[in-house]
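Peer 1: here is my input, please return the structure:
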Amino acid sequence: MRGLPVARWVKLGIKNLMLHALRSLLTVLGLVFGVGSVIAMLSVGEGASREALEQIRKLGSNNIILSSKKPVEEEASGSRRAMMSIYGLTYEDDARLRESLPTVQRTVPAKLVRMEGRLGERTLELRVVGTTPDWFELVKREILAGRVLSQGDYDSRAGVCVLTETGARRLTATEHSVGQPIRIGGNVFTVIGIVVNEKGTSSVPIPDQDVDAYISLSAARERYGDHITRRTEGAMLREFVELHLVLVQVDNTEDVEATAAAIDLMLKRFHKKADYDISIPLALLRQAEATKRTFNIVLGSIAGISLLVGGIGIMNIMLATVTERTREIGIRRAIGARQRQIISQFLIETVVLSSIGGCIGIAFGVGLPWIITHATKMPTVITLWSILLSLCISVAVGIVFGLYPAFRASRLDPIVALRHE
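Peer 2: Residues are numbered from 1 along each chain as shown. Model prediction:
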């Protein structure tokens, strides 16, 4: 025993564990599910957080999003059958932002109108976005075909539009969408381009949607005006909203939050009611990163409980093993084995046991996210550090929970152990 190399100890440990293969397998199930849970949970959290962070980054860390909202105390005029609600951002607000705040590089106003789009027999409800060519500079989207709006389109109030990919496929049902005329409301527009649309999340309000049709703001004002009419039961609700969105680009990222505060103060001077919202992608980015860290800690703590249960199971089995092999321990002590060698023998067995459970758990943890992604379309990301962390934890569990049984085995009196039946 004195000159027994580590490789022989590992081989001997595996041999002893294989004597009770089923018991060993049942023992490591706790570690298998614990390690698998750690990897699977972290991959789900990482996938969700990366998706949200990517959406926020696409909005630009030096951008601010202003949006109109209907106030709780609604200002209305007219009769009960035809009420007019006046709220939201105005063209004057957009001009003040550009002229009054030196940190503002440019603004991109936008008007949003819900209209029915028609191409032949196909119809689809579109969100018409009347904006300036700068929209596609701040909200960067890949161009699939054609081109986006130009300054010439804006100046001439041209009847042209850019569709999102989803809207184009649903409406035109053909790969050759560019150049086709579509009727939006009572006006005919020519499709000049197709862009990729992005999907936001509940925490990331991106400015574009699945079925957007982008036209110039000048054309939107000329063709649709600033009035929005909605029919409800027994009444016709009318809204007057000049601008639904204003995207503000700030010179430096360091000035974003200060500029947002200045914008809020300025708008409060000219808006008697809370009819606008301010979203800061930079603040959302920081909040999402902090949420990601908290989420990982919570998930790791939950999975750690499974590892703790698995470790207790290993300790329980190793204590039973010490009792079963008391006579063997006595013989080894009698022929010269030292206490540290007995400790090493049982400690290696627990580490081998936990390592096997960790490896099986890693295979389980890598396969589970793949199943989740294909079954639910939820993005998952398996990181190398989560695998290494899980493996290290499983080995650490074996060491921690194997120390007490190993010390107990090493302290057995050889004479008493030899008398054990």
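
Peer 1: which parts of the lengthiest strand in the chain are buried?
Peer 2: For the chain, the strand that runs over the most residues, judged by DSSP state E, is strand 104-119. Residues Val104, Thr107, Val108, Pro109, Ala110, Lys111, Leu112, Val113, Met115, Gly117, Arg118, Leu119 are the ones in strand 104-119 that count as buried (16 or more other Cβ atoms under 10 Å). Quick note: C-beta positions are derived from backbone N, CA and C, even for glycine.

Peer 1: my read is that the second one contacts Val248, right?
Peer 2: Yep, that's Thr107 we're talking about. Yes. Between Thr107 and Val248 there is a contact under Cβ atoms under 8 Å: 5.3 Å.

Peer 1: joint contacts of those two?
Peer 2: Jointly contacting Thr107 and Val248 under the rule Cβ atoms under 8 Å, 6 or more residues apart in numbering are Leu97.

Peer 1: tell me the domain ranges of this structure?
Peer 2: Domain assignment of the chain by automatic domain parsing yields the ranges 6-55+287-418, 70-274.

Peer 1: need the least confident one among the ones you listed, by mean pLDDT.
Peer 2: For the domains of the chain, mean pLDDT drops lowest on domain 6-55+287-418, to a mean of 76.

Peer 1: Arg157: which of the buried residues of strand 104-119 is nearest?
Peer 2: Distance to Arg157, by Cβ to Cβ, is smallest for Lys111 among the buried residues of strand 104-119, at 13.5 Å.

Peer 1: quick check: beta-bridge partners of the closest one?
Peer 2: Assessed by DSSP bridges, Lys111 has beta-bridge partners Gly130.

Peer 1: contact partners for Ser67?
Peer 2: Contact analysis of Ser67 by Cβ under 8 Å, 6+ apart lists Leu89, Pro205, His244, Leu245, Val246, Tyr276, Asp277, Ser279.

Peer 1: could you redo the last one with a cut-off of 10 Å?
Peer 2: Residues near Ser67 by Cβ atoms under 10 Å, 6 or more residues apart in numbering: 88-89, 110, 112, 205, 207, 243-247, 276-279.

Peer 1: looking at those, which are in strands?
Peer 2: Cross-referencing those against strands under DSSP E gives Ala110, Leu112, Leu245, Val246, Leu247, Tyr276, Asp277, Ile278, Ser279.

Peer 1: in a markdown table, list the residues you listed along with distance to Ile215.
Peer 2: Below are the ones in strands among the contacts of Ser67 laid out as a markdown table (distance: Cβ to Cβ, whole Å):
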| residue | distance to Ile215 |
| --- | --- |
| Ala110 | 11 |
| Leu112 | 11 |
| Leu245 | 14 |
| Val246 | 17 |
| Leu247 | 17 |
| Tyr276 | 23 |
| Asp277 | 24 |
| Ile278 | 26 |
| Ser279 | 24 |
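
Peer 1: quick one: buried ones out of those?
Peer 2: Buried by 16+ other Cβ under 10 Å: Ala110, Leu112, Leu245, Val246, Leu247, Tyr276, Ile278, Ser279, out of the ones in strands among the contacts of Ser67.

Peer 1: of these, just say which sits nearest to Met318.
Peer 2: Nearest member of these to Met318, counting by Cβ to Cβ, is Ser279, at 56.3 Å.

Peer 1: leaving out chain neighbours, which residue sits closest to that closest one?
Peer 2: Ile65 (4.2 Å; Cβ to Cβ, 6 or more residues apart in numbering).

Peer 1: how about the one you found, secondary structure?
Peer 2: Of the three states, Ile65 takes strand under DSSP: H, G, I helix; E, B strand; the rest coil.

Peer 1: quick check: Ala396 touching Gly310?
Peer 2: No. In this structure, Ala396 is not within contact of Gly310 by Cβ atoms under 10 Å, at 11.8 Å.

Peer 1: between those two, what contacts are shared?
Peer 2: Common neighbours of Ala396 and Gly310, using Cβ under 10 Å, 6+ apart, are Ser354, Gly358.

Peer 1: of those two, which one has the most company?
Peer 2: Gly310 (27 against 15; other Cβ atoms under 10 Å).

Peer 1: which ones are touching the more buried one?
Peer 2: The contact partners of Gly310, by Cβ under 10 Å, 6+ apart, come to 27-35, 354, 357-358, 361, 394, 397-398, 401.

Peer 1: need the strands for the stretch 51-200 of the chain, in chain order.
Peer 2: Assigned by DSSP state E, counting those that start in this stretch, the strands in the stretch 51-200 of the chain fall at 63-68, 76-77, 82-86, 104-119, 122-131, 143-146, 160-164, 181-184, 187-195.

Peer 1: alpha carbons only: can I get the first one in CSV?
Peer 2: Presented in CSV, the C-alpha positions along strand 63-68 are these (Å, rounded to 0.1, in the frame of the first residue of the first chain):
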residue,chain,number,x,y,z
ASN,A,63,-30.4,56.8,-28.2
ILE,A,64,-33.5,57.8,-26.3
ILE,A,65,-37.1,56.8,-27.3
LEU,A,66,-40.0,59.2,-26.7
SER,A,67,-43.5,57.8,-27.2
SER,A,68,-47.0,59.2,-26.9
